[in-house]
Structures are given as C-alpha cells and as structure tokens.
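**Student:** sequence first, then the predicted structure, then my questions.
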Amino acid sequence: ATGHAVPAQMPEGLADAWDFTLPEDPAAEVVIIGTGLSMVDHVISLLRNGHRGPITCISRRGLLPQVHADGHAQPVSRGEVPLGASAGAAMRWLRGLARQAEQAGGSWRDAVDGIRPHVSAIWRAWPEAERRRFLRHAASFWEVHRHRLPPESGRWLADARARGQLRVLRGRFQGAEAAPGHTCIRIGTAGGPVTLRAARAIDCRGIRRDPERDSAPVVRDLLARGACRLDALRL
C-alpha cells in the first residue's frame, strides 16, 4: 500500500496537507491552495481550535465539495450506460439521470450513486482522447459531487463563509515565496494577478500529481530502475 502521491519536496513556504500545525497567532491570515476534502479538514481544524483570522481557499474553478443527504441510489442497468459515448455525452446523460431522480422526489445524489458500479466500465470504454477531455473539463465537477461532505462539515463551512471569515478565490496558483514571518502566494485570476500574504500557507492541491516526481519512494525507485512505467495520462 503506497498511499497517495505526495510532493517529494514541498515548495519553500508551503505546509503539506498532512501538517495540521496551527498558526501561533489565532488572528493570522491562512491561505489554503485547493478546495477539496483536505482543505475542508484544515478549515474545520482551524475553526475548532479557535482560529479567528481570515481563511482564503484557492482553486482554478472555485468549487467546493457538495454535502451528503439522505437518499437511495437510482437503479441503473449496464444496458442503460452509454459506453463509448464522448465524455460530453456521458455528462449530459448523467445530468438527465439527475433530473429524473429529482422529478421522482430524490436528488442528484441518487443519480451519482446509481452510476458508481459502472464508473470503471465508462472509463475503460473511452479512448485516450476522451479520457484527457474528461480530466481537463469535467473531473473537478464530478469529484465535488462524488466525494461529499458530512452535513456537520458543510455547516462549519457555510457559517464561516456567511460571517466573512472564509472566502473561496477562483484562480490559478502561480507560486509561493517565503519571507520572514509570512509567505507570499501569487495567483492568476480573471481580473489579473493577485498576491496574498499569509502567516500560514497550506498545499491541499490533491492527489493528481506527477507520479514520477511526487510518488512514494518505492514507486519512484521502480520508475528509476525501469521496473515500471507510467500510463499515457501520467496517472
């Protein structure tokens, strides 16, 4: 069990997603790069420990994980699945299932849970070009609906956003520069470049990293010795 891909060496000024050290000053500004489940863990840890300062979370699309709710997986047979259809057509089909679930008194969650037994078959049926298209355009949307939050966690986030302590910034992380007592985070946004000054900056960009550089030591060793090779998508 090699675990998820993690950076072999963290960029200077950034803490990794498994480092839950609290800022010395509870009023200090915290910046989190990434808006997935690791980010949620850090935000809730900060809030539960009395952090009062602003928390800014950054991601390219600015999406947050959706919240769990009661429901039942929608029955979906293999024959209903559009295997081999384009990634776009598959997403349109899924949205249609979600509408059916809502019309039946359920929610989109029933549709997402209903296709879970077929996800591997859908992926295998796509040629490489469609897999790349899905990863580039749709994976982020799929992940926030598939990997959901407990309702209590959702309330922590909603309350922090409502009082203005937590904000989500849509932009592309462009680099970090460590300085005495703080880290400068450079972000590219639709409105132009933005620089944030953080007392603590945490890298929660997730697990889709370069396996050749950021895998566990055993995997890096296998690659270096030529005992294994990466797939075409470098997953």
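**Tutor:** Looks like it arrived, so ask away.
**Student:** hey, let's count contacts and neighbours off CA atoms from now on
**Tutor:** Will do.
**Student:** the closest residue to residue 16 other than its chain neighbours: what's it in contact with?
**Tutor:** Once flanking residues are discounted, residue 16 sits nearest to residue 203: 5.2 Å by CA to CA, 6 or more residues apart in numbering. Counting by CA atoms under 8 Å, 6 or more residues apart in numbering, residue 203 touches 14, 15, 16, 17, 32, 33, 34.
**Student:** okay, now the closest residue to residue 37 other than its chain neighbours: neighbour count?
**Tutor:** Distance criterion CA to CA, 6+ apart; nearest residue to residue 37, sequence neighbours excluded, is residue 65 at 6.9 Å. For residue 65, the neighbour count with other CA atoms under 10 Å is 21.
**Student:** can you pull the contacts of the residue sitting nearest the centre point of the chain?
**Tutor:** In the chain, the residue lying closest to the centroid (CA atoms, centre = their mean) is residue 36, at 3.4 Å. Residue 36 makes contacts with 64, 65, 144, 204, 205, 206, as judged by CA under 8 Å, 6+ apart.
**Student:** tell me which two of the residues you listed sit farthest apart.
**Tutor:** 144 and 204 (14.6 Å; CA to CA).
**Student:** so which of the two has more stuff around it?
**Tutor:** Ranked by neighbour count (other CA under 10 Å), residue 144 and residue 204 place residue 204 first, with 25 against 18.
**Student:** is it true that that one touches residue 38?
**Tutor:** Yes: using CA atoms under 8 Å, residue 204 makes contact with residue 38 at a distance of 5.9 Å.
**Student:** overlap in contacts, the two.
**Tutor:** Overlap of the contact sets of residue 204 and residue 38 (by CA under 8 Å, 6+ apart) consists of residue 17.
**Student:** for the residue nearest to residue 16, give the beta-bridge partners.
**Tutor:** Counting by DSSP bridges, residue 203 is bridged to residue 16, residue 33.
**Student:** pull the helix or strand with minimum mean pLDDT from the protein.
**Tutor:** Counting by mean pLDDT, DSSP states H and E, the chain has its least confident helix or strand at helix 211-214, which shows a mean of 80.
**Student:** for it, packing partners?
**Tutor:** helix 217-224 (3 or more CA pairs under 8 Å, 6 or more residues apart in numbering; DSSP states H and E).
**Student:** so which elements touch the helix it packs on?
**Tutor:** Against helix 217-224 (3+ CA pairs under 8 Å, 6+ apart) you get helix 211-214.
**Student:** and with 7 Å instead?
**Tutor:** Of the remaining helices and strands, none touches helix 217-224 by 3 or more CA pairs under 7 Å, 6 or more residues apart in numbering; DSSP states H and E.
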